[in-house]
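Trainee: what follows is a protein structure lacking sequence information:
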């Protein structure tokens, strides 16, 4: 009797949650179907999984606070922008898509330089902090108490000790080790203002109210409102002590000067004000930095609190506009269908498409899921290159030697829907050429994965990969 009651309760609950999935707005059909299959096919487990991971639940007050801050800061941004007529025709749809997703206009007069691949990038960051005279703003998803992390912390402490305002914001999950280390306390003693975003105190209780895996994955440095740094690199050694088996981690980091630094400042201030309540809006009333070059640049910042569009839309628009070549570097490839179709479609129409991915991924689940897409890519003519010496962690897209996108976002649903991310769009031949040369250096250290090799995979490997690719809307 009790067993029958349990079965009927599960059937009713499954139907109820299935209807809820069908009634949710702005959900792709593939995501609806995947969740309904999970709920109906896995007794109780599917319902529990949906409760914890099926919806992007945020604390209502936090969502409203971020919306209020964003509206306030948007009103304080300068009006400077590139006139649409001045933008090359091929870039106009891309910049428009970026603005629709992130809210920022394209700005002219920027200089963007690629920093060294190795720990020399940290040398330049430390030197910039040591030269600061007004303020240093640092935001990282992961900050490790290793040699590089300690060097940056010590430079920030020196800056605070000489009277520079230092604000440090880290993700409370990704940087939990650093926040527990003596270096975090030393920064505070030196006078730096330090905060962790997204603290998790009672995970099971919090998970019932809001999702606890909505993380701040951004990497932003702003110094004296004049110098910005961003990319895929966390504040850590390339050796990446928390996952040494995959070392070295190969990242990309840019030094940015010019008016677009004002936009990077705006993103940092939004995150800082949301985490601390401190009103720093007046900082955006300063004049944007003077032109430092000739490049057009645009910040694209997205997060789970705003669903106007996603970075996937921006990337797909870039790829649809390609005429000659596309090169993509990413550690994780779990795309939305439209982005995967755009990449395959570009190759099919004759664009030279190269994708560089790690030969060995630090996430077995994501690595296997990515492999589920490889047959379709290779069959369409995409050149797949598997990077071997270390883990390729850079996130770069270059198109036609003319435009590029670099930042914190992977080509996966977590970056598109769950994380706070910031990418930089660049329309400049010189910078794009630098990034293409860097990506060619990845190709030189990679091996090709051809369709014939994929066909030789064992039936078990193909079954595993394709099953996980079916579940990709849930990852």
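Mentor: Arrived safely. What you see is a predicted model; the values in this text were computed from it and never measured.
Trainee: just the helices in the stretch 101-250 of the chain please.
Mentor: With DSSP state H, counting those that start in this stretch as the criterion, the stretch 101-250 of the chain has helices at 120-130, 147-161, 176-179, 182-189, 203-209.
Trainee: what about the fourth one, average pLDDT?
Mentor: For helix 182-189, mean pLDDT rounds to 97.
Trainee: list the buried residues of that helix.
Mentor: Neighbour counts over helix 182-189 (16 or more other Cβ atoms under 10 Å) mark 183-184, 187 as buried. The way it works is simple: take the backbone N, C-alpha and C, and place the C-beta from them, glycine included.
Trainee: of those residues, closest to residue 30?
Mentor: Closest approach to residue 30 among the buried residues of helix 182-189 (Cβ to Cβ): residue 184, at 42.1 Å.
Trainee: pLDDT score for the residue most central in space within the chain?
Mentor: Of all residues in the chain, the one closest to the mean position by Cα atoms, centre = their mean is residue 409, 2.1 Å from it. pLDDT, residue 409: 96.
Trainee: quick one: contacts for it?
Mentor: Going by Cβ atoms under 8 Å, 6 or more residues apart in numbering, residue 409 touches 217, 302, 311, 395, 415-416, 419, 421-423.
Trainee: then residue 443?
Mentor: Residue 443 is in contact with 354, 356, 385, counting by Cβ under 8 Å, 6+ apart.
Trainee: confirm that the first one sits in a strand.
Mentor: Yes. Looking at residue 354 with DSSP: H, G, I helix; E, B strand; the rest coil, it is inside a strand.
Trainee: burial of it, as a residue count?
Mentor: For residue 354, the count of nearby residues is 21 (other Cβ atoms under 10 Å).
Trainee: for residue 322, find the nearest of the helices of the stretch 101-250 of the chain.
Mentor: Of all these, helix 120-130 sits nearest to residue 322, with 28.6 Å by Cβ to Cβ.
Trainee: hmm, who's touching the closest one?
Mentor: Defining contact as Cβ under 8 Å, 6+ apart, one finds that helix 120-130 is touched by 115-116, 136, 148, 151-152, 155-156, 158-159, 221, 223, 227, 229, 233, 251, 253, 255.
Trainee: would you map the strands across the stretch 351-475 of the chain?
Mentor: Remark: strands assigned in the stretch 351-475 of the chain by DSSP state E, counting those that start in this stretch are 352-358, 383-387, 391-392, 396-399, 403-407, 411-412, 421-427, 446-449.
Trainee: with distance to residue 100 as extra columns, can I get the ones you listed in JSON lines?
Mentor: Conversion of these to JSON lines gives the following (distance: least, Cβ to Cβ, whole Å):
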{"stretch": "strand 352-358", "distance to residue 100": "25"}
{"stretch": "strand 383-387", "distance to residue 100": "31"}
{"stretch": "strand 391-392", "distance to residue 100": "30"}
{"stretch": "strand 396-399", "distance to residue 100": "18"}
{"stretch": "strand 403-407", "distance to residue 100": "15"}
{"stretch": "strand 411-412", "distance to residue 100": "19"}
{"stretch": "strand 421-427", "distance to residue 100": "13"}
{"stretch": "strand 446-449", "distance to residue 100": "34"}
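Trainee: ok so, going back, would you reformat the contacts of residue 443 as TSV and include pLDDT and distance to residue 91?
Mentor: Listed next are these as TSV, based on pLDDT from 0 to 100; distance: Cβ to Cβ, whole Å:
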residue	pLDDT	distance to residue 91
354	98	21
356	98	23
385	98	26
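Trainee: out of the residues you listed, the closest to residue 211 would be?
Mentor: Minimum distance to residue 211 across the contacts of residue 443 is 31.2 Å, recorded for residue 356 (Cβ to Cβ).
Trainee: any idea how far that closest one lies from residue 448?
Mentor: The gap separating residue 356 from residue 448 is 11 Å, by Cβ to Cβ, to the nearest Å.
Trainee: now do the shared contacts for those two.
Mentor: residue 385.
Trainee: so if I had to pick from those two, which one is more boxed in?
Mentor: Using other Cβ under 10 Å, the more surrounded residue of residue 356 and residue 448 is residue 356, with 24 against 12.
Trainee: residues in contact with that one?
Mentor: Residue 356 neighbours (Cβ under 8 Å, 6+ apart): 327-330, 385, 387, 392, 439, 442-443, 446.
Trainee: tell me how this protein divides into domains.
Mentor: What automatic domain parsing lists as the domains of the chain is 2-53, 60-90+106-296, 311-474.
Trainee: between the two ends of stretch 436-453, how far is it?
Mentor: 27 Å (Cα to Cα, to the nearest Å).
Trainee: if we go by neighbour counts, what in it is buried?
Mentor: Neighbour-count burial for stretch 436-453 flags 436, 438-439, 442-443, 446, 449, 451 (criterion: 16+ other Cβ under 10 Å).
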